[in-house]
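K.L.:
Sequence first, predicted model second:
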Amino acid sequence: MNATIRNKLIWGFSGVLLLLGAVAGIGIYAVFSLRQSAQDATRIGGRLNATALEIQVHNLEAERRVKSYLREVKQLGADKAREKYLDEADFELSAIESLALKAAKIAPTAEKREKFQKIVNETATYKIAMAAAVTNAENEEAADTAKAYFSAADRLHDYAEDGEAAGREASQTSQEDIDRTSKSSVSMAIGMSLVGMILGITMSYKLSRAILLPVEHLKDVAENVSLGNLEVAVRRYSDDEIGDLADSFSRMVTAVKFFRMEAETVQAEHDSAGGE
């Protein structure tokens with residue numbers, strides 16, 4: 001393709017459009033990347049935090065009901081006390097296991113997964129201790145089994161608190177991830193915008209220089225010729241329409257020189273003939 005003025009303009013504006021398109025594309029990518037990262041971080045951190053809090057609530061409720069059973073079993077009788085307290089306590093413990101397993105699956109780090117897995121394991125131990133305490137609630141071994149139960153309850157409570165702390169930490173980490181991604185996306189968009197602006201200015205400068213410089217030169221040539229200076233050199237800057245125009249100017253100056261020389265010769269001969 002010939003480097004004509006038309007083609008230069010097409011190339012220049014096409015390049016600017018491509019730069020604008022690239023900047024817009026990167027900006028859109030940054031926005032969607034931020035949105036996806038924010039959604040993932042918020043979803044995981046929020047769910048883990050909510051799950052940890054729910055585990056703690058179920059744990060406290062289960063412990064409250066078992067304590068109520070042990071306290072009132074002699075008054076209500078084993079069957080009635082079980083129906084009133086232990087059935088609901090079993091439900092609470094099942095909910096703890098289910099929630100802890102889900103939390104262990106979605107936890108973002110191995111350390112947090114381990115904390116929730118400990119809750120699952122300790123819930124099984126808690127159930128065994130609870131069963132022993134319930135079975136021996138009216139026997140001589142009641143004190144020993146109750147002590148073992150309360151020890152298991154304390155451990156489960158501690159693990160539940162660890163899970164709650166892990167949930168809060170995950171929620172805080174998700175917010176930090178959002179902030180970090182936001183800053184990265186903004187920096188990327190600003191950086192690409194600056195690069196696009198610099199490249200656009202550079203391309204515009206080169207394009208304008210490629211057109212204006214030879215035009216200014218031809219303007220100077222025309223002014224010199226109009227003032228009678230035919231010794232001016234015509235320079236060809238490019239192989240396009242302006243270059244062809246420079247050749248035309250050069251031929252014009254040469255023709256003017258020739259006609260001037262012809263006129264001077266005729267004038268000299270006329271003056272010589274008149275003198276004789």
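P.N.:
Alright, I've got the coordinates.
K.L.:
which other residues reach stretch 65-83?
P.N.:
Residues outside stretch 65-83 that contact it (Cβ atoms under 8 Å, 6 or more residues apart in numbering): 84-86, 88-89, 92, 130, 133-134, 137-138, 146, 149, 153. (Glycine included, C-beta is placed from N, CA and C.)
K.L.:
what about 7 Å?
P.N.:
Residues outside stretch 65-83 that contact it (Cβ atoms under 7 Å, 6 or more residues apart in numbering) are 84-86, 88-89, 130, 133-134, 137-138, 146.
K.L.:
again with stretch 245-253
P.N.:
Residues contacting stretch 245-253 (Cβ under 7 Å, 6+ apart): 214, 218, 221, 225, 230, 232, 234-237.
K.L.:
Of the contacts of stretch 65-83, select the buried ones using a PyMOL command.
P.N.:
Of those, the buried ones can be selected in PyMOL as follows, counting by 16 or more other Cβ atoms under 10 Å:
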select buried, resi 85+86+88+89+130+133+134+137+146
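K.L.:
With respect to pLDDT, which of the contacts of stretch 65-83 ranks lowest?
P.N.:
Ranked by pLDDT, the contacts of stretch 65-83 bottom out at residue 138, which scores 71.
K.L.:
Would you mind giving the secondary structure of residue 249?
P.N.:
In three-state terms, and counting by DSSP: H, G, I helix; E, B strand; the rest coil, residue 249 is helix.
K.L.:
follow-up on the earlier one: and the two most separated of the contacts of stretch 65-83?
P.N.:
Pairwise distances across the contacts of stretch 65-83 peak at 20.7 Å for 88 and 138 (criterion: Cβ to Cβ).
K.L.:
what about the helices in the stretch 101-250 of the chain?
P.N.:
Using DSSP state H, counting those that start in this stretch, the helices found in the stretch 101-250 of the chain span residues 110-135, 142-226, 241-275.
K.L.:
Can you give me the distance of the residue nearest to residue 153 when sequence neighbours are not counted to residue 102?
P.N.:
Distances taken as Cβ to Cβ, 6 or more residues apart in numbering place residue 63 nearest to residue 153, at 5.2 Å, with adjacent residues excluded. To residue 102, residue 63 is 21 Å away according to Cβ to Cβ, to the nearest Å.
K.L.:
Tell me which of those two has more neighbours.
P.N.:
Taking other Cβ atoms under 10 Å, residue 63 and residue 102 do not tie; residue 63 has more neighbours (21 against 15).
K.L.:
same question for the helix or strand where the more buried one lies, mean pLDDT?
P.N.:
For residue 63, the element it lies in under DSSP states H and E is helix 5-76. Averaged across helix 5-76, pLDDT comes to 74.
K.L.:
Show the subsequent helix or strand relative to that helix.
P.N.:
Per DSSP H and E, the first helix or strand lying C-terminal to helix 5-76 is helix 78-81.
K.L.:
Buried residues in that following helix, which are they?
P.N.:
Neighbour counts using 16+ other Cβ under 10 Å place residue 81 of helix 78-81 among the buried residues.
K.L.:
I'd like to know the predicted local confidence at residue 92, please.
P.N.:
90.
K.L.:
What sits closest to it if chain neighbours are left out?
P.N.:
Distances taken as Cβ to Cβ, 6+ apart place residue 62 nearest to residue 92, at 3.7 Å, with adjacent residues excluded.
K.L.:
for residue 84, same thing?
P.N.:
residue 76 (6.7 Å).
K.L.:
what's the burial count for residue 164?
P.N.:
Neighbour number of residue 164 under other Cβ under 10 Å is 20.
K.L.:
Please list all residues in contact with it.
P.N.:
52-53, 56.
K.L.:
could I get the residues you listed as JSON lines with distance to residue 106?
P.N.:
As requested, the contacts of residue 164 are exported to JSON lines (distance: Cβ to Cβ, whole Å):
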{"residue": "52", "distance to residue 106": "11"}
{"residue": "53", "distance to residue 106": "15"}
{"residue": "56", "distance to residue 106": "17"}
